[in-house]
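Asker: below is the sequence, then the predicted model.
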Amino acid sequence: MMRILDSKKIIVIYLLAFISPLLWKTWYVDNLLFSDTLTRMYGGLQVIAHDSIIYFSMLLLLYLSFIKGVKRAVSLILRLCAIIMFSIYVADILVLKTFATHLTISDILKYGGYAPQFIQQLYGGKKLLLGFMAIVFAGIFFSIIFDKHTLNKKVHGIFVVTLTFLLLCFCFRENDRYVHSWMYKNVAEYNYTALSQAAPYSEEFVKKNIAETAYKDTKFCRKHKSQRKNIIILMVESLSSYQSKFFSGINNWTPHIDSIAANNLSFTNFYANGFTTEDALIAVLTGVLPFYAPAIYSNGGGTCFKGFYEVPNPLPMIAKKNGYTTEFITSVDLRFGKIGTWAKSIGFDYIEGHDYPYYDNWKRYRFNAAPDEALYNRVFDRILHNQSNKQYLLFVVTGSSHTPFINPENDHHAESDTFGYVDKQIGSFYQRLLQSGFFKNGLLIIVGDHHAMIPLKRDEIKKFGAAHASARIPLVVSFGDRGGVVEKRPFQQVDIFNSLRNLISDEQCTSAWLGDLLSSDRLPAQYIAHKRGDHRDIISIFYGGRELRVKLDGDDTRIVNPENLDDAILKVIVNKINNERISRQRES
């Protein structure tokens with residue numbers, strides 16, 4: 001058996017492997033934040049400061065495993081714990097790079113079942129297998145081949161000095177002073193901060209909420225004449241305002257969408273209610289804000305649409321009651337997040353995903369999705385299939401613009417190139433709709449599902465502010481190039497649900513939290529809500545030009561920046577969020 005001090009080359013290799021993730025994360029975060037701060041090494045030094053406690057813990061475990069007197073079985077356990085910590089650390093970096101967020105317990109519970117398939121699609125089967133084998137071999141080699149060793153004074157000194165240095169580094173960390181502080185926090189800090197969103201409501205609090213009806217979203221309704229139009233809702237993956245010259249003036253990656261917007265009804269101050277596709281589906285198809293129940297680690301309140309299966313009167317049900325046939329069409333794997341199961345539960349007549357035979361001859365990308373071009377071909381087939389006297393509602397979800405960005409036409413890895421492809425396919429689809437006569441009695445809604453899951457860009461922060469920028473997405477409503485109208489007042493995704501419900505029914509209703517963007521006078525809601533992806537414990541409420549941050553914390557849910565607003569308004573906001581989350585808890 002080798003002794004650690006007799007294997008200097010192996011030690012150097014392990015040392016380089018040990019610190020390489022930290023070095024890579026330091027470089028990666030520093031480059032991202034440099035585009036915002038224009039200050040080199042600010043982000044990198046903060047990564048080192050925050051992650052130093054992780055490396056301190058791993059190094060301490062290894063140090064203890066080599067001390068004389070520690071039993072071999074204990075040594076192996078200590079090293080195994082260090083390897084597990086290291087694996088989590090690397091996994092968190094991969095999540096940060098791929099999705100612009102940290103690895104969280106709730107996401108593991110949500111997407112853990114689909115993760116192996118996604119990783120295989122992302123990195124390839126052979127690479128995945130080789131990587132896994134390398135990690136297993138390295139762990140076994142390190143844990144078993146090396147004998148326990150009595151450390152001499154020099155090595156003791158190196159360990160002690162290094163551990164002391166890491167603790168000192170941790171003392172220089174900054175917390176929440178900077179808008180992107182979440183990015184350079186370590187995985188343990190991030191999960192600890194986000195843990196408050198799982199804090200349960202007490203039984204007394206729930207009973208009081210139910211008994212006193214702590215919040216009632218009063219609706220204002222009036223009779224009106226319904227319009228029975230064929231409806232297509234096109235939800236475009238990661239479509240964000242900053243990508244469009246029309247919607248932001250920042251980039252010019254979507255000229256076809258911009259042209260459609262300029263000739264129709266466009267909303268330049270439109271917000272996503274959440275940060276995932278799942279959140280967008282809930283908002284647009286049920287009209288309910290995508291706020292999950294607390295205690296997600298104990299009762300599954302935050303996994304795979306839990307609490308949103310029993311929402312009363314979702315859009316497909318309302319449409320069916322008014323004589324519509326309803327269809328959910330995507331080229332994405334419907335098993336991801338149990339989207340297919342949920343779509344069926346809310347009443348869609350027909351549901352189609354990645355496994356439809358038409359896609360067999362197309363190359364697959366993220367979530368086994370065929371390119372958007374193939375999806376639009378299938379949508380047109382469904383339009384032709386539905387040519388009858390019965391109105392139809394088609395809900396279409398794209399996938400080609402999911403991160404990491406790849407242009408299916410040339411497999412180039414570039415965001416601008418990818419959205420150029422996505423935009424071209426939307427332009428072609430729109431022209432086919434015009435030529436087919438769809439707009440004689442048809443309505444097309446083009447909307448993003450959420451801001452692209454990458455760090456905010458300096459230009460959009462400068463133009464919109466960080467909180468607003470992270471929620472800004474385009475919305476276009478087309479009746480077929482009947483004149484350009486730009487709506488600059490704020491609207492949100494749940495307003496799409498409410499507007500369509502009003503459109504096809506005999507009654508128009510609005511409330512403080514639900515607007516109507518299709519009525520002649522277009523009525524915005526008073527409150528716009530956005531569940532944040534950077535700070536998972538925070539919900540942003542946009543009201544009267546302000547951004548109020550609501551800290552999710554069970555009975556102690558509160559607004560952390562009240563800004564001298566009237567207590568009655570603050571109470572309305574907090575009570576609304578508590579009421580929504582408790583409702584989800586009861587239904588789940």
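Answerer: It's in.

Asker: off-centre distance for the host helix or strand of residue 167?
Answerer: Using DSSP states H and E, residue 167 sits in helix 153-171. In terms of CA atoms, centre = their mean, to the nearest Å, the centre of helix 153-171 is set 39 Å apart from its chain centre.

Asker: tell me what that helix is packed against?
Answerer: helix 42-65 (3 or more CB pairs under 8 Å, 6 or more residues apart in numbering; DSSP states H and E). Just so you know, the C-beta spots here come from the backbone N, C-alpha and C atoms, and that holds for glycine as well.

Asker: and the helices in the stretch 401-550 of the chain?
Answerer: Remark: helices assigned in the stretch 401-550 of the chain by DSSP state H, counting those that start in this stretch are 415-436, 458-464, 466-469, 493-504.

Asker: so what's the model's average confidence on the helix or strand just after the helix holding residue 167?
Answerer: Per DSSP H and E, helix 153-171 leads on to helix 181-184 as the next helix or strand towards the C-terminus. Helix 181-184 comes out with an average pLDDT of 83.

Asker: just to revisit the earlier point, check which residues of the helix holding residue 167 are buried.
Answerer: Buried positions in helix 153-171, judged by neighbour count with 16 or more other CB atoms under 10 Å: 159, 163, 166, 169, 170.

Asker: measure the last one to residue 185 for me?
Answerer: Residue 170 is 12 Å from residue 185, where distance means CB to CB, to the nearest Å.

Asker: between these two, what contacts are shared?
Answerer: Overlap of the contact sets of residue 170 and residue 185 (by CB atoms under 8 Å, 6 or more residues apart in numbering) consists of residue 50.

Asker: so what touches stretch 463-470?
Answerer: For stretch 463-470, contacts defined as CB under 8 Å, 6+ apart pick out 179-180, 241-242, 248-250, 271, 275, 451, 456, 460-461, 472, 530, 532-534, 540, 542, 547, 549.

Asker: apologies, that question was intended for stretch 554-570.
Answerer: By CB under 8 Å, 6+ apart, the surrounding residues in contact with stretch 554-570 are 196, 199-202, 205, 294, 538, 543, 546, 548-551, 573-574, 577-578.

Asker: if any of those are buried, put those into a ChimeraX selection.
Answerer: Burial among those is assessed by 16+ other CB under 10 Å; the matching ChimeraX selection reads:
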select :196,199,200,201,205,294,538,543,548,549,550,551,573,574,577,578
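
Asker: so which of the contacts of stretch 554-570 are in strands?
Answerer: Secondary structure assignment by DSSP state E places 538, 543, 546, 548, 549, 550, 551 of those in strands.

Asker: could you dump those residues to TSV with distance to residue 583?
Answerer: Listed next are the ones in strands among the contacts of stretch 554-570 as TSV, based on distance: CB to CB, whole Å:
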residue	distance to residue 583
538	20
543	22
546	26
548	21
549	22
550	16
551	20
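
Asker: any chance of these in JSON lines, with pLDDT and distance to residue 411 too?
Answerer: What follows is those, written out as JSON lines (pLDDT from 0 to 100; distance: CB to CB, whole Å):
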{"residue": "538", "pLDDT": "94", "distance to residue 411": "37"}
{"residue": "543", "pLDDT": "96", "distance to residue 411": "45"}
{"residue": "546", "pLDDT": "93", "distance to residue 411": "44"}
{"residue": "548", "pLDDT": "96", "distance to residue 411": "44"}
{"residue": "549", "pLDDT": "96", "distance to residue 411": "41"}
{"residue": "550", "pLDDT": "97", "distance to residue 411": "42"}
{"residue": "551", "pLDDT": "95", "distance to residue 411": "43"}
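
Asker: which of these sits closest to residue 386?
Answerer: Of all the ones in strands among the contacts of stretch 554-570, residue 543 has the smallest distance to residue 386: 40.9 Å, by CB to CB.

Asker: now do the contacts for that closest one.
Answerer: Contacts here follow CB under 8 Å, 6+ apart; on that basis residue 543 touches 526, 527, 528, 565, 569, 573.

Asker: quick check: bridge partners of it?
Answerer: Beta bridges link residue 543 to residue 546, judged by DSSP bridges.

Asker: where do the helices sit along the stretch 201-350 of the chain?
Answerer: For the stretch 201-350 of the chain, applying DSSP H, counting those that start in this stretch gives helices covering 203-212, 255-262, 277-286, 296-299, 315-321, 339-345.
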